[in-house]
Every structure is written in C-alpha cells, then in structure tokens.
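Peer 1: next come a sequence and a model predicted from it.
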Amino acid sequence: MADSTAFYFEKETDVFEFVVKKGHGVKGLADTGLTTIPPRYVHPPSERIDRKDTIDSTPFLSAPIDIAALLEEAGDDVDNDEKSEICKKLCEAAEKLGCFLVMNHGVSHEVMENAKRAAHIFFNLPPERKLSYSKENSPCPTHVFSATGFTPQTGKSLEWKDYLSMLYVNDDQVRKFWPEECRDAAVAYLKSANKMILAISRALLKGLGVEIDESMIRSYTDARTVNMNFYPPCPNPDLTVGVGRHSDLAALTILLQDDIGGLFVKAQDKGWIEIPPVEDAHVINVGDTLEILSNGRYKSVEHRVLASNTRARVSVPIFVTPNRPTTIGPIPGLAEKDGETVYRQLLFGEYMDNYFKHDHQGKTTLDFARA
Ligand SMILES: O=C(O)CCC(=O)C(=O)O
Ligand SMILES: [Fe+2]
C-alpha cells in the first residue's frame, strides 16, 4: 500500500518547504493525516525513546516539594526550621537529579490552565498567522519568534515539535510584539511565577554555602523567556523525538507540562526516568547556567521528550537566565571553598551564542565553559 507521506510530498525538500518555509510546522504535517513520518524526522535508534526502557525513579525523584513556606513575606509568621528543611530538599534534588517537582508554588490552577490553553490556541492558528512570527517576519525576531524543531536549518533529523519563544522585556513590548492570541495568558503566567522563581533561586544559590547578596541573586535570574511547545500527535513516536537529548541553557527552567506525559530525564548515568504529570505541580530543571554558577555542584538535567500518537501535547517552560552582559562562572568564593575550579568565567551572552550554534547533543554544551 502506498505510504500516505508520498501522496503529499514527492521529495524530502518538499517536506522542509511545507513545514519550515511555508510555516505549516509539524502541526500542518500531522494535519495532513499522514500515517508514516517523513524520513527527515526519523532519528537513529540510539536517540529514540522507549518508555519500556526506563529505570525506577524512586531513588532519584522525590514527591513534589511543598514550597508554600518559602513564599511567605518577612513579617509573616515564619517558621525558619520549616524553611530550611525545604531549602535542603531543593538543594539535594538539584545535586542528585537536577530536576524536581514543586507544589503550593503560588501560581493558580487557572493561570496554569490558561497558559496551556493559549499554547493550543496559538498553534491552531492558520499557518500564515504563525509564519508572521517566524525569524524572518517577526516584528522583533530577537525577542519573539515561532519555529519548528531545534536549529532545523542544519540539515540533521528534525524534531516533532513547533514552538513559540517570547523574551520578556516590559509590558509595552509584550503589547507590541507578542501574538495577541496568547500574550495575556503568557504574561500572566510569567508574572505570577516570579515569587516562586525568586524563592527557588535564592534557596539554591544560598545553599552553596558562600556569601551571596540579593543583587547577585537577581543578576543571575533577571531575564525571563517564556516558550510554548506544541507536539502534534505523531504516527511513529517510536522513530522520532519531540525534543532530542539536551540540557537547558537557563539557570532554572520552570516547566508546565500537561497531563500527557513524555518528559524523560537522565538519572545520573544510570538510565532514564519519566517525570510524571502531576496536576498543578511545576517541574523545575536545573540548567547549564546554574551548573556553571555552582561550580558543578548542581547538575543541569539532560532531558528529552516523546510525542504522543493520539493527542497534541503542550508544555510552557519559563527559562530564567541572566542578561547577556552578565558574567557567569562559579560564584565568588566557591572554587576556593571547593578546592577546584570546574568552570571558567565568561559572559552569559557568549555561552548562549555557543549553545544555539549546535544541534541537541546531550550535555556537551557545557564543554564550552569548562575551566
Ligand atoms: O516539553 C517538555 O516537557 C520539555 C521541553 C523542553 O525540554 C524545552 O523546551 O527545553
Ligand atoms: Fe529543555
């Protein structure tokens, strides 16, 4: 029987033209009703994800950490023992797996649901509308763009994912440059996550045991990019990847995933575990920047995503980063305390440029910052 892909695309270049150049994305490809993914989406067997091939998560992933007490203001009835117990749990999780779940984080169910809904709304827009946010057409391409896969121009296998990326600068820019169909939900989500972001960042950075003041904490976590990821239903999820193996650039990633599942993280060198969807919880990933700041104590987590073959999956990560001119490297005093310097000092902007130059290939991105 003829492969339905061939019906739509005679040549591989036609797939690229349709998905990338014409702005249909993987969403448009899935909507053609194809029953086999085009060869460009097939990944080598070593990169494919098999749910059966996971290990027991119990030694690595704890139950969601309740961070309510960390969000209390000074002057509230603060129980310092409870706070330090939470900080300890966060630091241990950041060292062991580089990934943990948090609950009672101050972001309401409604705000989280709206953010996920907004991702569905954006990716269900007509291709012409989405194309008006491509890197070529966006009103501010350095801050806001819609794309498919990761560095898709490099000619390697493509990923089964479309995404929209929005760097927050101020509300005026949100109104001017972010797609009106999803901007209110995205910015409401971003703002209500602020308190949680600062509380977790503070706990982890202070947990390193060297003097660090509030202005330094802020400078490492000042910038925010909110992405909307869309993984359409895939006829052969076992042959491709939603996202390939990578660690995030950010200091921290605050990740909102829906109820579908498919996020896999590497548990040290022992194997892969799936991070279960937990309603109203956030997944927190340690990113490369925090691994560098912590002189290697906290581990950026290698992760990847398996698409579903029945439903469109969405996720909404907030990438918490320094600004480009900020110097990153082990925070002052840490290398001396540790007795070794694992990472060198460099500008966050330099690290970022190098990060986006390459295809996803696990944690090799960190090599650029090694001392
Ligand atoms: O969709 C997910 O769960 C993870 C997405 C991801 O890893 C990313 O956007 O960097
Ligand atoms: Fe990621």
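Peer 2: Ah, there it is. For clarity, every value in this text was computed on a predicted model and none was experimentally measured. Ligands and ions are numbered 1, 2, ... in the order given.
Peer 1: separation between the residue of the chain found nearest ligand 1 and E274?
Peer 2: At 3.3 Å from ligand 1, S315 is the closest residue in the chain, using CB to the nearest ligand atom. Placement of C-beta: from N, CA and C, glycine included. The gap separating S315 from E274 is 14 Å, by CB to CB, to the nearest Å.
Peer 1: likewise for T364?
Peer 2: Taking CB to CB, one finds T364 at 23 Å from E274.
Peer 1: of the two, who's got more company?
Peer 2: Using other CB atoms under 10 Å, the more surrounded residue of T364 and E274 is E274, with 16 against 12.
Peer 1: hmm, back to that, quick check, the residue of the chain closest to ligand 1 in a strand?
Peer 2: Yes - using DSSP: H, G, I helix; E, B strand; the rest coil, the assignment for S315 is a strand.
Peer 1: 467 is where my numbering starts, stick with that
Peer 2: With 467 as the first residue, the last one maps to S781.
Peer 1: how far away is it from K823?
Peer 2: 24 Å.
Peer 1: of the two, who's got more company?
Peer 2: More crowded of S781 and K823, by other CB under 10 Å: S781, with 26 against 11.
Peer 1: isn't that one up against D725?
Peer 2: No - S781 is beyond contact range of D725, at 11.3 Å (criterion: CB atoms under 8 Å).
Peer 1: and the stretch 617-766 of the chain, which residues reach ligand 1?
Peer 2: N693, N695, V709, D714, L721, Q723, L729 (CB under 6 Å from any ligand atom).
Peer 1: adding secondary structure as columns, could you present those in TSV?
Peer 2: Below are these laid out as TSV (three-state DSSP):
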residue	secondary structure
N693	strand
N695	strand
V709	strand
D714	coil
L721	strand
Q723	strand
L729	strand
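Peer 1: let me have the residues you listed in JSON lines, extended by pLDDT and neighbour count.
Peer 2: As requested, these are exported to JSON lines (pLDDT from 0 to 100; neighbours: other CB atoms under 10 Å):
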{"residue": "N693", "pLDDT": "98", "neighbour count": "18"}
{"residue": "N695", "pLDDT": "98", "neighbour count": "22"}
{"residue": "V709", "pLDDT": "95", "neighbour count": "24"}
{"residue": "D714", "pLDDT": "97", "neighbour count": "25"}
{"residue": "L721", "pLDDT": "98", "neighbour count": "22"}
{"residue": "Q723", "pLDDT": "98", "neighbour count": "23"}
{"residue": "L729", "pLDDT": "98", "neighbour count": "23"}
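Peer 1: kindly indicate which of these lies nearest A651.
Peer 2: Using CB to CB, N693 is the member of these that sits closest to A651, with 13.4 Å.
Peer 1: for the closest one, what are its contacts?
Peer 2: Contacts of N693 were listed using CB atoms under 8 Å, 6 or more residues apart in numbering, and they are Y629, L630, S631, M632, V782, P783, F785.
Peer 1: go through these and flag which are in strands.
Peer 2: Y629, L630, S631, M632, V782, P783, F785 (DSSP state E).
Peer 1: nearest residue to the third one other than its sequence neighbours?
Peer 2: To tie it back to what came earlier, the one meant is S631. Leaving aside its sequence neighbours, S631 sits nearest to N693 (CB to CB, 6 or more residues apart in numbering; 4.9 Å).
Peer 1: starting at the chain centroid, how far to stretch 820-836?
Peer 2: Computed by CA atoms, centre = their mean, to the nearest Å, the chain-centroid distance of stretch 820-836 equals 15 Å.
Peer 1: quick one: low-confidence ranges for the stretch 467-616 of the chain?
Peer 2: 467-474, 541-544, 616 (pLDDT under 70).
Peer 1: need the residue closest to the centroid of this protein.
Peer 2: By CA atoms, centre = their mean, the chain has its centre lying nearest to P783, at 4.8 Å.
Peer 1: that residue and L729 touch, don't they?
Peer 2: No - taking contacts as CB under 8 Å, P783 lies outside contact range of L729: 10.5 Å.
Peer 1: shared neighbours, the two?
Peer 2: In contact with both P783 and L729: L721, using CB under 8 Å, 6+ apart.
Peer 1: regarding this structure, what is its longest helix?
Peer 2: helix 546-562 (DSSP state H).
Peer 1: for it, list the C-alpha coordinates in PDB.
Peer 2: In PDB, the C-alpha atoms belonging to helix 546-562 read as follows (Å, rounded to 0.1, in the frame of the first residue of the first chain):
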ATOM      1  CA  ASN A 546      12.600  29.100  60.000                       C
ATOM      2  CA  ASP A 547      13.100  25.400  60.600                       C
ATOM      3  CA  GLU A 548      10.400  24.600  58.100                       C
ATOM      4  CA  LYS A 549      12.000  26.900  55.600                       C
ATOM      5  CA  SER A 550      15.500  25.400  56.000                       C
ATOM      6  CA  GLU A 551      14.000  21.900  55.600                       C
ATOM      7  CA  ILE A 552      12.500  22.900  52.300                       C
ATOM      8  CA  CYS A 553      15.800  24.600  51.100                       C
ATOM      9  CA  LYS A 554      17.600  21.400  52.000                       C
ATOM     10  CA  LYS A 555      15.200  19.300  49.900                       C
ATOM     11  CA  LEU A 556      15.600  21.600  46.900                       C
ATOM     12  CA  CYS A 557      19.400  21.600  47.100                       C
ATOM     13  CA  GLU A 558      19.600  17.800  47.400                       C
ATOM     14  CA  ALA A 559      17.300  17.400  44.400                       C
ATOM     15  CA  ALA A 560      19.300  19.900  42.400                       C
ATOM     16  CA  GLU A 561      22.500  18.000  43.200                       C
ATOM     17  CA  LYS A 562      21.200  14.500  42.700                       C
END
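Peer 1: quick check: buried residues in the next helix-or-strand element following that helix?
Peer 2: Moving toward the C-terminus from helix 546-562, the next helix or strand (DSSP states H and E) is strand 565-569. Buried positions in strand 565-569, judged by neighbour count with 16 or more other CB atoms under 10 Å: C565, F566, L567, V568.
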